[in-house]
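Student: quick one: sequence and predicted model below, then my questions.
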Amino acid sequence: MRFSVIIPVYNRPDELRELLESLSRQTRVPDEIVVVEDGSVTRADAVVESFKNRLNIHYYDKPNGGQGFARNYGFERATGDYFVIFDSDALVPAHYFEAVEQRLQSDWLDAYGGPDAAHPSFTPIQKAISYSMTSPFTTGGIRGSKKNLGGKFHPRSFNMGFSRNVYEKIGGYKISRMGEDIEFAIRIIETNFKTGLLPEAFIYHKRRTDFGQFYRQLRFFGRARINIARFYPSELRLVHTFPALFTLFMFSIPVWFFIHPVLFGLAVSVPLLLSILILVDAYQKEKSLKIAFLSVEAAFIQLIGYGIGFLSEGWKRLREPKGHQETGANMEYPS
């Protein structure tokens, strides 16, 4: 089995250097790495050149078209039997490809997804964001779990692999941003390929480095959920509205003060109780009171950011012509 790693890059040469360093230290080194520069101003060609004596690496530069179409560009040029996708802000543990190969040989998966975790070197804010993105109290839920919450597992493109047969059967990404990985996973599952979560194939995902970036990213994710409904209306479910409902509730709290003090007290108790639950859970997992408090902040930013994006794009969708679709081409990667 030959693994081809596909990495789209947009103005992140330093992050790419760290990712390539982690790939060069694999106990089972990938057979090929395809780096696709997606119209960057700050290019990564010099970084790639510095790894050519350690990795079988290929570098391509193309006009900006978004992350999904950059991956397609890489798929077209990859020669492996199995494609593996990473975001450029990832660090890959040394056992990763050895674990994936062993699993695929013993229990074949046409497509897999792996969880993410916080590296010990991450800042407290990065660790808090990582906690929030895998917490059962937010939209994260299953991302770091061993079990899927019902239905077939939907891999996500920050850490995902699939066979060449999958690519040849369904093609690449149809949209480039705005939920491209969700749409891609839906087509894989609809074609009856076998998918699954590989808990041992985790990565360290750096995500955002401050809460301002994190808020903008989650607002974008909320918009993406609505965009998926443009292609697959049945994929928009009640559970996806929870962050939006939570956001509306949070903004309504001051109003309750003028309606009745008891109702105001009850309304205030909801975010207070949620904060306590997150604080306790985060402290148990991170063993740091500072990270636990930051995790509370990260969780509220995640829920409200996602909710605002969901509501704004939902309102936009209500006012646009029937059948309108957003491909997300020529868009910057959300920061």
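Tutor: Sure, I can see it.
Student: quick check: which ranges of the stretch 51-200 of the chain have low pLDDT?
Tutor: Within the stretch 51-200 of the chain, the stretches with pLDDT under 70 are 140-151.
Student: figure out how far the strand or helix carrying residue 318 is from the centre of its chain.
Tutor: Under the criterion of DSSP states H and E, residue 318 resides in helix 289-319. With CA atoms, centre = their mean, to the nearest Å as the basis, helix 289-319 stands 15 Å off its chain's centre.
Student: for residue 37, give me phi and psi.
Tutor: Dihedral pair for residue 37: phi -80, psi 120, per degrees, to the nearest 10.
Student: so what's it closest to, chain neighbours aside?
Tutor: Nearest residue to residue 37, sequence neighbours excluded (CB to CB, 6 or more residues apart in numbering): residue 61, at 4.3 Å. From N, CA and C alone the C-beta is placed, and that goes for glycine too.
Student: ok, back up a step: which strands or helices does the helix holding residue 318 pack on?
Tutor: helix 124-134, helix 211-231, helix 242-259, helix 261-286 (3 or more CB pairs under 8 Å, 6 or more residues apart in numbering; DSSP states H and E).
Student: which residue is the nearest non-sequential neighbour of residue 224?
Tutor: residue 179 (3.5 Å).
Student: what residues does the one you found make contact with?
Tutor: 224, 225, 227, 228 (CB atoms under 8 Å, 6 or more residues apart in numbering).
Student: can I get those residues in JSON lines with distance to residue 69, pLDDT and neighbour count?
Tutor: As requested, the contacts of residue 179 are exported to JSON lines (distance: CB to CB, whole Å; pLDDT from 0 to 100; neighbours: other CB atoms under 10 Å):
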{"residue": "224", "distance to residue 69": "15", "pLDDT": "92", "neighbour count": "24"}
{"residue": "225", "distance to residue 69": "20", "pLDDT": "92", "neighbour count": "24"}
{"residue": "227", "distance to residue 69": "15", "pLDDT": "91", "neighbour count": "22"}
{"residue": "228", "distance to residue 69": "17", "pLDDT": "91", "neighbour count": "21"}
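Student: thought residue 55 was touching residue 33?
Tutor: Yes - counting by CB atoms under 8 Å, residue 55 touches residue 33, with 5.5 Å between them.
Student: ok, the two, which is more surrounded?
Tutor: Taking neighbours as other CB atoms under 10 Å, residue 55 and residue 33 compare with residue 33 leading, 26 against 19.
Student: and that one, helix, strand or coil?
Tutor: strand (DSSP: H, G, I helix; E, B strand; the rest coil).
Student: partners of it in the sheet?
Tutor: When assigned by DSSP bridges, residue 33 has beta-bridge partners residue 5, residue 57.
Student: one more: the one 5 residues further on?
Tutor: For residue 38, the beta-bridge partners are residue 62 (DSSP bridges).
Student: give the contact list for it.
Tutor: 8, 9, 10, 62, 64, 65, 66, 67, 69, 70, 333.
Student: take these and keep only those in strands.
Tutor: Among the contacts of residue 38, the residues falling in strands (DSSP state E) are 8, 9, 62.
Student: for the first one, which non-adjacent residue is spatially closest?
Tutor: If the residues on either side of it in the chain are set aside, residue 8 comes closest to residue 70, at 3.6 Å by CB to CB, 6+ apart.
Student: my read: that neighbour touches residue 36, true?
Tutor: Yes - if you go by CB under 8 Å, residue 70 and residue 36 touch, sitting 4.5 Å apart.
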